[in-house]
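J.: Have a look; sequence and predicted model below, questions after that.
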Amino acid sequence: MQRRSLLIGAASLLSATALTARAATPTTPALPVLQVWKDPSCGCCKDWIAYLQRDGFQVQVFETGNTAVRQRLGLPVKYGSCHTALIDGYVVEGHVNTREIRRLLAEKPAAIGLTVPGMPVGSPGMDGPEYGGRKDPYDVLLVQRDGSSRVYQSYHRG
């Protein structure tokens with residue numbers, strides 16, 4: 001009787017392990033956690049975080065403001081916005097689209113990270129009903145290690 005219970009238990013354990021392993025092997029690699037520093041009262045930051053989460057990002061939020069962390073991470077102030085994020089060693093400043101974050105992670109350029117300076121209306125998190133459908137043109141910039149930048153993606157809607 002004990003041997004039979006032991007065999008049944010072992011078979012159950014093997015089945016559970018196989019199911020867990022299958023479930024833990026997604027068709028696409030898991031995204032690293034994206035850490036966000038923001039002001040606790042900023043509504044557009046909350047909207048950007050919700051946008052990231054809807055697109056499958058795991059987000060860890062620090063409600064401490066972002067000025068000190070932006071400086072610590074080496075992003076020049078001229079590229080600043082209302083929140084600063086860090087993912088896989090890259091800075092993501094402001095209302096950057098998830099498409100460009102995924103592209104950054106795939107391409108792995110030698111850079112500080114991405115930024116959408118300021119708070120352009122129509123960018124993710126700045127696109128709620130209170131803006132009446134307005135979509136201002138903006139660029140996502142790749143910030144190089146020397147502090148220079150280049151356009152990584154343009155969003156120019158007419």
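T.: Structure received.

J.: any idea whether Q71 is helix, strand or coil?
T.: helix (DSSP: H, G, I helix; E, B strand; the rest coil).

J.: do you know how far it is from P117?
T.: Between Q71 and P117 the computed distance is 16 Å (C-beta to C-beta, to the nearest Å). All C-beta atoms are positioned from the backbone trio N, CA, C, and that covers glycine.

J.: Please say which of those two ends up with more neighbours.
T.: Legend: neighbour count by other C-beta atoms under 10 Å for Q71 and P117, higher for P117 (19 against 13).

J.: what's the nearest residue to that one if we skip its chain neighbours?
T.: Once flanking residues are discounted, P117 sits nearest to Y79: 5.1 Å by C-beta to C-beta, 6 or more residues apart in numbering.

J.: try F57
T.: In space, F57 is closest to L34, 5.2 Å off (C-beta to C-beta, 6+ apart).

J.: Surely that neighbour is in contact with L52?
T.: Yes - proximity of L34 to L52 meets the contact threshold set by C-beta atoms under 8 Å, at 6.4 Å.

J.: For the two, indicate the residue with more neighbours.
T.: L52 (24 against 21).

J.: Secondary structure of that one: a helix, I assume?
T.: Yes - per three-state DSSP, L52 lies within a helix segment.

J.: mind listing what it touches?
T.: Contacts for L52 (C-beta atoms under 8 Å, 6 or more residues apart in numbering) come out as 34, 59, 98.

J.: Helices of the protein, start to end?
T.: Shown for the chain, the helices assigned by DSSP state H span residues 2-23, 43-54, 67-72, 98-107.

J.: Okay, now the unreliable bits of the chain?
T.: For the chain, the stretches flagged by pLDDT under 70 are 1-29, 157-158.
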